[in-house]
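Engineer: Whatever this is, show me its structure:
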Amino acid sequence: MAIRTLAHLSDLHLDLTPESDASGRALVAALLATSVDHVVVTGDLTHQGTNVEYRRFRELFAPLLDAGRLTFIPGNHDRPGDDAGSQWMDGQKVRVVEQPGLYLVCVDSTGPHNRNYFASHGVLTHAELDAVDAALARAPRKTLTAVLVHHHILPLPEESFPERLASMLGWPHAAELPLGAEWVARLQGRCDLVLHGHRHLPRERLLDTGAARPLRIYNAGSSTDLGRFRVFRHSGGRLHGVPAWCRAALSQRPRTASHNVRPALQYLVGQLGIALF
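Structural biologist: Got it, this is the predicted structure:
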């Protein structure tokens, strides 16, 4: 049985700057060079949720989109501005995408509150978890089954001062999905991968290591900032080895100060109720 490959990207934050465009092009070139069978992007494709940013994403990733080799879901940054991300799942909170050897359960963890740039947290209801259960029940045997979601479902370390402040004050913005722990329990033994983004540093967690079907949870981080992405090898519904990091050809450097610092300032200022931006 042929071994297939799946690449996981997230948090591109394409913002129309030359640096952003160059990072996107380098990622696409690396994906094409490695001949991955399918690519998933787990949200925050755009930086401010505008239609023009979304068009830029489609332009940059056209070789993969046109070949039917790319699946993506919205993140909180795709909901402000023109609310570009609200149309990406055809009005569904849970939908299934099937590819050869691959069964993807796509979950939209954003909500109307994400129209506010500063309300970045995710939300899912019990009804939506039930819909995921129903989708997983239909997954064919001997097919790698992955759940795609933007917001993280397990606690992760804070990565910045605004996140530490949010945790200290009990704001929801840096926290995992409120039903995350319950969802993890419901997913165990029923799928192989949970792929997500939201936080910009990559993480991974392996649960049920002794079980016949362990659950692996991966945060891609910000693929444009990192200049790299994970590639999973699979066949017959089984993963082969550990995922390999693939680096984009462009020599990556931290994004400009306006890209990295301004959102953090906006986030903090917004929480304090001071509209300076």
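
Engineer: Could you give the bridge partners of the residue nearest to the spatial centre of the chain?
Structural biologist: Taking C-alpha atoms, centre = their mean, the centroid of the chain lies closest to T42, which sits 2.2 Å from it. For T42, the beta-bridge partners under DSSP bridges are I73.

Engineer: oh, and call the first residue 4 from now on, that's how I've got it
Structural biologist: Sounds good: first residue 4 from here, last item T45.

Engineer: That one contacts V197, doesn't it?
Structural biologist: No - the pair T45 / V197 is not scored as a contact, 9.7 Å apart, by C-beta atoms under 8 Å. (Each C-beta comes from the backbone N, C-alpha and C, glycine too.)

Engineer: joint contacts of those two?
Structural biologist: Common neighbours of T45 and V197 (criterion: C-beta atoms under 8 Å, 6 or more residues apart in numbering): V152.

Engineer: Run a quick neighbour tally on L19.
Structural biologist: Neighbours of L19 under the rule other C-beta atoms under 10 Å: 14.

Engineer: how far away is the nearest residue to N117 once chain neighbours are set aside from P175?
Structural biologist: Excluding its sequence neighbours, the residue lying closest to N117 (C-beta to C-beta, 6 or more residues apart in numbering) is R82, at 3.8 Å. R82 sits 16 Å away from P175, going by C-beta to C-beta, to the nearest Å.

Engineer: So between these two, which is more surrounded?
Structural biologist: Per other C-beta under 10 Å, whichever of R82 and P175 has more neighbours is R82, with 27 against 16.

Engineer: Which residues are in contact with the more buried one?
Structural biologist: Contacts for R82 (C-beta under 8 Å, 6+ apart) come out as 52, 88-89, 113, 117-118.

Engineer: Need phi/psi at it.
Structural biologist: phi -100, psi -30 (degrees, to the nearest 10).

Engineer: do R141 as well
Structural biologist: Note on R141: backbone dihedrals following degrees, to the nearest 10 are phi -90, psi 0.

Engineer: how about the strands of the stretch 154-280 of the chain, start to end?
Structural biologist: Taking DSSP state E, counting those that start in this stretch as the test, the strands found in the stretch 154-280 of the chain are 196-199, 206-210, 218-222, 231-238, 241-242, 247-250.

Engineer: can you give me the mean pLDDT across the third one?
Structural biologist: Confidence over strand 218-222, taken as the mean pLDDT, stands at 98.

Engineer: ok and it relative to strand 231-238, angle-wise?
Structural biologist: Here the directions of strand 218-222 and strand 231-238 differ by 160 degrees (axes from the mean of the first three to the mean of the last three C-alpha atoms, to 10 degrees).

Engineer: quick one: low-confidence parts of this protein?
Structural biologist: 4, 253-280 (pLDDT under 70).

Engineer: Now with 50, please.
Structural biologist: Flagging of the chain using pLDDT under 50 yields the residue ranges 255-257, 259-280.

Engineer: that older thread, which of the contacts of R82 ranks first by neighbour count?
Structural biologist: Of all the contacts of R82, T113 has the most neighbours under the rule other C-beta under 10 Å, reaching 32 neighbours.

Engineer: Isn't it up against P77?
Structural biologist: Yes - T113 lies in contact with P77 (C-beta under 8 Å); the separation is 5.2 Å.

Engineer: any residues in contact with both of those two?
Structural biologist: Residues touching both T113 and P77 (C-beta under 8 Å, 6+ apart): 46, 88, 153.
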